[in-house]
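Asker: Okay, sequence plus prediction incoming.
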Amino acid sequence: RKEVEQDPGPFNVPEGATVAFNCTYSNSASQSFFWYRQDCRKEPKLLMSVYSSGNEDGRFTAQLNRASQYISLLIRDSKLSDSATYLCVVKGSPSSASKIIFGSGTRLSIRP
Amino acid sequence: DAGVTQSPTHLIKTRGQQVTLRCSPKSGHDTVSWYQQALGQGPQFIFQYYEEEERQRGNFPDRFSGHQFPNYSSELNVNALLLGDSALYLCASSPKTGGNNEQYFGPGTRLTVT
């Protein structure tokens, strides 16, 4: 089993739709969680950190479920510009010297 | 505020050769991590440097080595290149303390081994 698993997609949804991705992780001791966005042939860019209480940033909502060991990303009112690959990141501890694992990414395509 | 910079942007090498990639972290960051990203995959963690020492290492052979300089910049060296080393090499920086250690990535170096 991979340490961090994501549905590769692609998710193809119309503009304005709501879309959600999940990411599961195997290490129950994991402490820090992030969502990154990566456009084609570009570097990953931090979208948001995921906090235990859940957090929202505009149209984006991230949730953490420690019991079931998954994090989720919800995108509301999707825009064409949201088309990208979304990468889930899990870190062992807040310490700098801890293992950082990326998922393989979920591709999202928004159609007009 | 300069972000993470990497050089070169593209590189073509032959099997068996050696390559050095360079990274300068974001201003205020002292921790540098290197990743290898193959086409269609997520970034794979190679190693992380802080205080000029390798602190963590992923599942990469000894052909992959690195260095961090007193100004926090870093190099990634790959010896005896294989075709399978062709990938995008990403450098990410983060602050050691404070915040949630979010990492900020440079634009990457695309390495092609022929």
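Answerer: Received it, and whenever you're ready, just let me know what you need. Residues are numbered from 1 along each chain as shown, chains lettered A, B, ... in the order given.
Asker: Can you give me the neighbour number for B:His29?
Answerer: 18 (other Cβ atoms under 10 Å in any protein chain shown). For the C-beta atoms, the positions are set from N, CA and C on the backbone; glycine is no exception.
Asker: is it true that it touches B:Ala92?
Answerer: No: applying Cβ atoms under 8 Å as the test, B:His29 and B:Ala92 come out as separate, 9.2 Å apart.
Asker: what residues are shared contacts of these two?
Answerer: Applying Cβ atoms under 8 Å, 6 or more residues apart in numbering or on different chains, one finds that B:His29 and B:Ala92 are jointly contacted by B:4, B:104.
Asker: Distance check, B:Pro61 against A:Asp77.
Answerer: 46 Å (Cβ to Cβ, to the nearest Å).
Asker: Send me the helix-or-strand element of chain B with minimal mean pLDDT as PDB with only the CA atoms.
Answerer: Every helix and strand in chain B was compared by mean pLDDT, DSSP states H and E; the lowest is strand B:53-57, with a mean of 89. Once non-C-alpha atoms are left out, strand B:53-57 reads as follows in PDB (Å, rounded to 0.1, in the frame of the first residue of the first chain):
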ATOM      1  CA  GLU B  53      23.800  18.700   7.000                       C
ATOM      2  CA  GLU B  54      21.600  16.100   5.400                       C
ATOM      3  CA  ARG B  55      18.700  15.600   7.800                       C
ATOM      4  CA  GLN B  56      16.400  13.300   6.100                       C
ATOM      5  CA  ARG B  57      16.700  11.000   3.000                       C
END
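Asker: Tell me where the chain has strands.
Answerer: In the absence of a named chain, this looks at chain A. For chain A, applying DSSP state E gives strands covering A:4-6, A:11-14, A:19-25, A:32-38, A:44-50, A:55-57, A:60-65, A:70-75, A:84-91, A:100-102, A:106-111.
Asker: Sorry, I should have been clearer: chain B.
Answerer: With DSSP E as the criterion, chain B has strands spanning B:5-7, B:10-13, B:19-24, B:31-37, B:44-50, B:53-57, B:64-68, B:74-78, B:87-94, B:104-105, B:109-113.
Asker: and these as JSON lines, adding mean neighbour count and distance to A:Asp7?
Answerer: Shown next, in JSON lines, are the strands of chain B (neighbours: other Cβ atoms under 10 Å in any protein chain shown; distance: least, Cβ to Cβ, whole Å):
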{"stretch": "strand B:5-7", "mean neighbour count": "16", "distance to A:Asp7": "30"}
{"stretch": "strand B:10-13", "mean neighbour count": "13", "distance to A:Asp7": "32"}
{"stretch": "strand B:19-24", "mean neighbour count": "20", "distance to A:Asp7": "31"}
{"stretch": "strand B:31-37", "mean neighbour count": "25", "distance to A:Asp7": "19"}
{"stretch": "strand B:44-50", "mean neighbour count": "22", "distance to A:Asp7": "19"}
{"stretch": "strand B:53-57", "mean neighbour count": "15", "distance to A:Asp7": "28"}
{"stretch": "strand B:64-68", "mean neighbour count": "18", "distance to A:Asp7": "30"}
{"stretch": "strand B:74-78", "mean neighbour count": "21", "distance to A:Asp7": "31"}
{"stretch": "strand B:87-94", "mean neighbour count": "24", "distance to A:Asp7": "22"}
{"stretch": "strand B:104-105", "mean neighbour count": "22", "distance to A:Asp7": "23"}
{"stretch": "strand B:109-113", "mean neighbour count": "18", "distance to A:Asp7": "27"}
